[in-house]
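> 3D model of this:
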Amino acid sequence: MTQIPTGWIKVDLEDALAPLEDGRTIHQGWSPQCEKEPSDNDGAWGVLKTTAIQSGAFLTEHNKRLPDKLAPRPLLEVRRGDVLITCAGPRGRCGVACLVRDTRPRLMLSGKMYRFRFDDRFLDPRYAEAYLLSETALRAIDRMKTGISDSGLNLTHERFRKLPFPVAPRSEQGRIVAAIEEQFSRLDAADEALHRAQRRLGLLRKLIHSLAVAKGEERLVSDLLEGIEAGKSFKCHGRRADPDEWGVIKVSAMTWGSFDESENKAVLSEERADARWEIKAGDLLLSRANTTEYVGASVLVRHCRPRLLLSDKSMRLLVRQGVDKAWLHLALSSPEARAQMSQVATGTSDSMRNISQEKVRAVRLCVPPFDDQLRIVAEVERRLSIASAMATEIDHALRRSTSLRRTILEQAFSGKLVLQDPSDEPASVLLERIAAKRAAAPKPSRRKGKIPA
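The predicted structure follows:
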């Protein structure tokens, strides 16, 4: 932002901050070894996870309980009116900010976040939060991050203090905030309607898949198969296989209803690759290990690059003559079949369940005659195609909403969202008055923001 409207000024972030309880202007939190479960009541202290800070939203439930043997640090307790920003993590999660509009007691900052407050005589906290969410601020913050990998970056408070901040006259800030909230409330209502439509589409897809097993003779999956081939475990690189290399599929290649050949890892030792486990177009695959929701998920491979192998977390179903593979894929994707597989999957964690070949064979399906299977496939795929087109339109609408939010914020901080009022007191005059009062008071500490034990 090179030009600002008349009456506005540009300051460094630190010039707009108010002293906190100990005289500092930025606090960094504490990262003790916490319990795995959250503190779910006001009587137990919790330490915030970085996921508690979302873009413009504060989620109190995202915390971990402080062990009883550790003494809390009340100075780090989050309070209404605080502005929080993540200062460590992956690129997309480092530099995410929110204003705490409401909070429960006994929640502390972690070491991966900063807390600060704005002098509300000079800067409306809601105006400041909105600027921190703007593309201009996000790009500036991104340039301040340090680290050698996008998976782990840091935002030092020395750099963050120097973030350029456009400050409108105090009265104009209120008008800007009101305009943003009015526009965003309309977009929120539209987004909620779109999300409801997404949820209904999810239910519709389940009903459509149920058509595959609505009629027919009840039979076991074992009656429909010549056999099942299990994949194999391979030592792999952490990267995707090049086109001329052998690769092994990940569970994510089979998770979302269609086969994704790009979800693979390069085999470490190609001498161990065996073409018997190579995936071919027309294969019906099933996920042996996955989350509770997706264990047993099947995919029909329409196309596959050469030299891609089954993993030990996948199975290849060898379908008997007289059974259409496309129908069996739809049948195994039906809510009726999915419920059976989720129920019999084993494992101690919902994040990774397993299903054996025997339990896959024991799944019961209503099996129509072969000619009916073909007709069912054609009708189900027609209806799913319509649902997919609707889902694409909803996704486009949600992306347009996100783009509109960015545009609104950019207009807000370039002076284009509301009209300027010549009678507003310029921001520079107010800053000078506040600076004079600060000069007469003890200067706040500029020490490092971590709080001592």
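> quick one, phi/psi of the nearest residue to residue 52 once chain neighbours are set aside?
Using CB to CB, 6 or more residues apart in numbering and skipping the chain neighbours, the partner closest in space to residue 52 is residue 62 (3.8 Å). For glycine as for every other residue, the C-beta is placed from the backbone atoms N, C-alpha and C. The phi/psi pair for residue 62 (degrees, to the nearest 10) reads phi -90, psi 80.
> wait, residue 62 touches residue 48, no?
Yes: judged on CB atoms under 8 Å, residue 62 makes contact with residue 48 at a distance of 6.7 Å.
> these two: which is more packed in?
Ranked by neighbour count (other CB atoms under 10 Å), residue 62 and residue 48 place residue 48 first, with 25 against 16.
> and stretch 251-260, what's buried?
251, 253-255, 257, 259 (16 or more other CB atoms under 10 Å).
> and the pLDDT for residue 447?
pLDDT, the model's per-residue confidence, is 52 for residue 447.
> I meant to write residue 442 there.
Listed pLDDT for residue 442 reads 64.
> start the count at 897 instead of 1 going forward.
With 897 as the first residue, the last one maps to residue 1338.
> name the nearest residue to residue 1146, ignoring sequence neighbours.
Leaving aside its sequence neighbours, residue 1146 is closest to residue 1159 (4.7 Å, by CB to CB, 6+ apart).
> separation between the one you found and residue 1257?
According to CB to CB, to the nearest Å, residue 1159 and residue 1257 sit 26 Å apart.
> swap in residue 1336?
Here residue 1336 is placed at a distance of 83 Å from residue 1257 (CB to CB).
> more neighbours, these two?
Legend: neighbour count by other CB under 10 Å for residue 1336 and residue 1257, higher for residue 1257 (16 against 6).
> what is the neighbour count of residue 899?
By other CB under 10 Å, 9 other residues sit near residue 899.
> in the helix or strand where residue 1325 lies, what counts as buried?
Per DSSP states H and E, residue 1325 falls inside helix 1323-1336. Buried residues in helix 1323-1336, counting neighbours by 16+ other CB under 10 Å, are found at 1323, 1326-1327, 1330.
> circling back to that earlier point, could you export the buried residues of stretch 1147-1156 as JSON lines, including distance to residue 1251?
Converted to JSON lines, those look like this (distance: CB to CB, whole Å):
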{"residue": "1147", "distance to residue 1251": "12"}
{"residue": "1149", "distance to residue 1251": "17"}
{"residue": "1150", "distance to residue 1251": "13"}
{"residue": "1151", "distance to residue 1251": "14"}
{"residue": "1153", "distance to residue 1251": "17"}
{"residue": "1155", "distance to residue 1251": "19"}
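> among these, find the lowest-pLDDT one for me.
residue 1153 (85).
> what's that residue in contact with, if anything?
Counting by CB atoms under 8 Å, 6 or more residues apart in numbering, residue 1153 touches 1193, 1195, 1229.
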